[in-house]
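J.: okay, predicted coordinates and the sequence, questions at the end:
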Amino acid sequence: MKKSRFSETQIVGLLKEVEMGAKVGETCRKHGISEPTYYKWKSQFSGMTVSHLAQLRELQEENAKLKRMYADLALMHHVLKDVVDRKL
């Protein structure tokens, strides 16, 4: 997936700019994005603040860590199960 040239905090700032009364078309032209991109970001980040984004990023990192731990344990379980089956 292509990495956005805008950080999440910049996206939230852009959304806040429109919430404060700026027109969507003008804001999109000013920042060099298309209107569909703006509306996609709005659906993803509307109502979020920078602190919410930090919390979300932290939870995503923890979730990824737990998924890796589960994958390692599941692999170990299957290996041990194969060893036990071969001995019997």
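T.: Alright, I've got the coordinates. Numbers count the residues shown, from 1 in each chain.
J.: ok, now how distant is Lys65 from Met76?
T.: Counting by CB to CB, to the nearest Å, the separation of Lys65 from Met76 is 17 Å. Glycine gets a C-beta too; all of them are placed from N, C-alpha and C.
J.: with Leu59 instead?
T.: Counting by CB to CB, the gap from Leu59 to Met76 is 26 Å.
J.: three-state assignment of Asp72?
T.: Three-state assignment for Asp72 (DSSP: H, G, I helix; E, B strand; the rest coil): helix.
J.: that one: how many residues sit nearby?
T.: 10 (other CB atoms under 10 Å).
J.: pLDDT score for it?
T.: pLDDT for Asp72: 97.
J.: low-confidence ranges in the chain?
T.: Filtered on pLDDT under 70, the chain yields the residue ranges 1, 88.
J.: ranges for the helices of the protein?
T.: 8-19, 24-31, 35-45, 50-87 (DSSP state H).
J.: count of neighbours near Glu8?
T.: Neighbours of Glu8 (other CB under 10 Å): 18.
J.: so how far is Lys65 from it?
T.: 20 Å.
J.: phi, psi of Lys23?
T.: Main-chain torsions, Lys23, degrees, to the nearest 10: phi -80, psi 140.
J.: next one: it from Pro36, what distance?
T.: Distance, Lys23 to Pro36, by CB to CB: 16 Å.
J.: ok, Phe45 touching Val12?
T.: Yes. At 5.7 Å, Phe45 and Val12 qualify as touching, with contact defined as CB atoms under 8 Å.
J.: shared neighbours, the two?
T.: Leu53 (CB atoms under 8 Å, 6 or more residues apart in numbering).
J.: of the two, who's got more company?
T.: Set Phe45 next to Val12 and count neighbours by other CB under 10 Å: Val12 wins out with 20 against 17.
J.: identify the residues contacting the more buried one.
T.: Val12 neighbours (CB under 8 Å, 6+ apart): Phe45, Met48, Thr49, Val50, Leu53.
J.: residue contacts, the first one?
T.: Shown in contact with Phe45 (CB under 8 Å, 6+ apart): Glu8, Ile11, Val12, Leu15, Leu53.
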